[in-house]
Structure formats: structure tokens, C-alpha cells
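Undergrad: Mind looking at a prediction? Sequence and model below.
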Amino acid sequence: MDDPPWDVYLTGTVFLDIIFTGLDSAPVRGTESWARGMGSSPGGVANMATALARLGLRTSLAAAFGDDHYGEYCWDALEQGEGIDLSPSRTVPGWHSPVTVSMAYEGERTMVSHGHEPPPDAEFVQDGVPACPPRARAAVASLTPGRRAPWIAEAARRGTRIFGDVGWDETGAWDLAALPDLEHCEAFLPNAEEAMRYTDTDCPRAAARALTLDVGAVERAWRHYELGKR
């Protein structure tokens, strides 16, 4: 088979990220806090797409973009600024872009997000994801509890290595069994807090060990981590 046109294909939600830094403490109700620094950029799945593109990988992204100023800014920053292919993406008329405000203090961050699911489109299966994604060596898929994305199984069948990303589970269930497409994934990519909640553990090390029972690649990543410390 010919070399795939893309090294990495990603799906997920693009947010406009507004980041406040230099806060001495958490905001207090009824007061005004001033941050010493602020920045803005495309966020969500765009963070990973940007990192991969800057590593020199041919990167293609499927996402929904609002037709507001936020969406236009994010589209231009990714396509023109980072050289990311957005041909599988779409602009949704009348849909406002998701926004996240991130506040960094005490060595951690707190985020407040707002957004709505984009309206359905006959050419997309859900969340702005094409039913027939382009061929790629690897794909980063956004896994949603209780949902199965048909393209993931098809891409895996064609030899694409699937890396399963996941967001905060607003249902509070934190049930790995509710992520049916996890069976097609080469690796699972929760952050430390999400990993601990999915495994009901109290530290990232224990969470990584517990996840080896469900995703073999986590075990391999853990071994590399341990070897790198020696």
C-alpha cells in the first residue's frame, strides 16, 4: 500500500483558550483579581495538533469551527500559522466557538469552559468528524463516554494506530467500559487526574499500573518511564 498522505490525523474540539498567569492565589468570590500575564491561542485538540506539526509531522485535523471571530482566529492560526491541514474540518454558520478560560496559580491550573455541540451535518458522524477520514499512520481520537465512532474501527482495520484521548467526564461515572472504542486504541491518553479517577486510585503511578489491565500500551509507556529514571 502507498505511504499514507498524513502522519497523524486528529479529531476533537477546538477551543479558544484564554490563559491568565501570575495569579498569587485562587480568585475569591466578590473580589477582583489581577493577573500578571495573559495569552490566547487555539486550545483543546489544537494543542496536540500544533505540537505534532511543530515536530515536523504531516498533521491533519477534523474539527468544527464557529463562524465567529474566535473561530476565524483559530482556523487561521492553525492553517496559516502552523501549517495544519484543515480540509476535513468545517465551519458551522451561526455556531459560536467553544471557549476555555484557564487560570494558573500554586503550581496548578483551573479551567472554566463553555460551549455547545455543533449541529449535525450529513457528511459528518458527530462533533465535526468526517465519516471517511483520510489515511494516516496514526490517529488521535477523542473518546466520548457512551458513544462509538465508526471511523475509529475502520481506521484501525486499515492499519492506522489509534491513540485515544479523553476529556473530563461530566457524568462523574469514570467508567472505562463506557469507552467502547478503547478496544481499538494503541494507547490511552488521560491526564493524571483523569487517570486516577478512571482507576479509583490516589496517585498517577498507581493509576498507570491499574490501566495496564485495560490498555497494553500504557504498560509499555510505564516501562519506558521507569527505564528513563535509571
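TA: Looks like it arrived, so ask away. Numbers count the residues shown, from 1 in each chain.
Undergrad: Run through the neighbouring helices and strands of the helix or strand hosting Leu10.
TA: Per DSSP states H and E, Leu10 falls inside strand 6-11. For strand 6-11, the packing partners by 3 or more Cβ pairs under 8 Å, 6 or more residues apart in numbering; DSSP states H and E come out as helix 45-54, strand 59-62, strand 136-143. C-beta here means a position set from N, CA and C on the backbone, and glycine is covered the same way.
Undergrad: Reformat those as TSV; add mean pLDDT and mean neighbour count.
TA: What follows is the helices and strands packed on strand 6-11, written out as TSV (pLDDT from 0 to 100; neighbours: other Cβ atoms under 10 Å):
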stretch	mean pLDDT	mean neighbour count
helix 45-54	95	19
strand 59-62	94	27
strand 136-143	90	23
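Undergrad: now for these, which one comes closest to Gly107?
TA: helix 45-54 (19.4 Å; Cβ to Cβ).
Undergrad: what's the angle between that closest one and strand 136-143?
TA: Between helix 45-54 and strand 136-143, the angle comes out at 160 degrees (axes from the mean of the first three to the mean of the last three Cα atoms, to 10 degrees).
Undergrad: ok, back up a step: contacts for the strand holding Leu10?
TA: 45, 48-49, 52, 57-63, 85, 88, 127-129, 133-142, 149, 155, 160 (Cβ atoms under 8 Å, 6 or more residues apart in numbering).
Undergrad: Only alpha carbons, please: show it as CSV.
TA: Extracted as CSV, the C-alpha positions of strand 6-11 are listed here (Å, rounded to 0.1, in the frame of the first residue of the first chain):
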residue,chain,number,x,y,z
TRP,A,6,-0.7,12.1,6.6
ASP,A,7,1.5,11.1,9.5
VAL,A,8,-1.2,12.0,12.1
TYR,A,9,-4.9,12.6,11.9
LEU,A,10,-6.7,14.2,14.8
THR,A,11,-10.3,14.7,15.8
